[in-house]
Every structure is written in C-alpha cells, then in structure tokens.
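*Asks:* sharing a model that was predicted from the sequence below.
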Amino acid sequence: MGDVLLALSIPVLVFGGGIYAACDCWWRRRHPAPPSPYTHRAARLAEQDMLLLAEEIVDDAYAALGPLYDAPAATSTPRPDGPPAALSSRSPRPASTPDRAPSPPAAVQKP
C-alpha cells in the first residue's frame, strides 16, 4: 500500500503545482505591482548625467572650434581697387540659391 500512495503522490503534487501556478498567474495579472520609485529615480539620474556629459562635450568642442566659425574682422585699410572692405556693396560670394525652390536630391552612392 505504501508504494501505491507514493506512486499516486507524484501526479497529485504535479497537478497541485500546476493549479498553484495558474492561480498565481491569474492573481498577478489582476493585481499588478506598482512601479518602483527607485527605478524612475535611477533613470532620471542617468539622464541628468548623460545631459551633463553631452553639454561638456559640446562646450569643449565649441571652445576648440569656435574661432573657426567667428566672422573675420573687417579691415579698415582701403583695397587698391576701391573702397574699404567694410563699405563694399558687393558680396564676396553669390547667393547659394536665387529662389526658394528645393535643391535636387543627391545621387545615391553604391557601397
């Protein structure tokens, strides 16, 4: 009789574990846990650190390359062919596009 009870106890335990898992799954779907405030706080802190690092990179790049983008100082010495550069009415370059139409798309380059 002891062997029969032992042999029947295994399917009962498996069936009981399945019932427990199904009830646990149903309960967790009906009653989800609230989001953890620590997770949100950690995400905010990581975002702030990333923004500070990006600002530092941009500031360093501007400090290094800023003089390249500054407008050259106008010289007040007269040019041999006319008025000083500050008073010249001609622009050194023509306008990039005379109208506001979009430029044609660039050609596709094959790798």
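*Replies:* Received it, and whenever you're ready, just let me know what you need.
*Asks:* what about the helices in this protein?
*Replies:* 2-30, 37-69 (DSSP state H).
*Asks:* would you list the ones you listed in TSV and tack on mean neighbour count, mean pLDDT and distance to Gln109?
*Replies:* All C-beta atoms are positioned from the backbone trio N, CA, C, and that covers glycine. As requested, the helices of the chain are arranged in TSV below (neighbours: other C-beta atoms under 10 Å; pLDDT from 0 to 100; distance: least, C-beta to C-beta, whole Å):
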stretch	mean neighbour count	mean pLDDT	distance to Gln109
helix 2-30	9	92	52
helix 37-69	10	90	27
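*Asks:* nearest to Ala107, of those helices?
*Replies:* helix 37-69 (29.1 Å; C-beta to C-beta).
*Asks:* and the closest one, what does it pack onto?
*Replies:* Contacting helix 37-69 under the criterion 3 or more C-beta pairs under 8 Å, 6 or more residues apart in numbering; DSSP states H and E is no other helix or strand.
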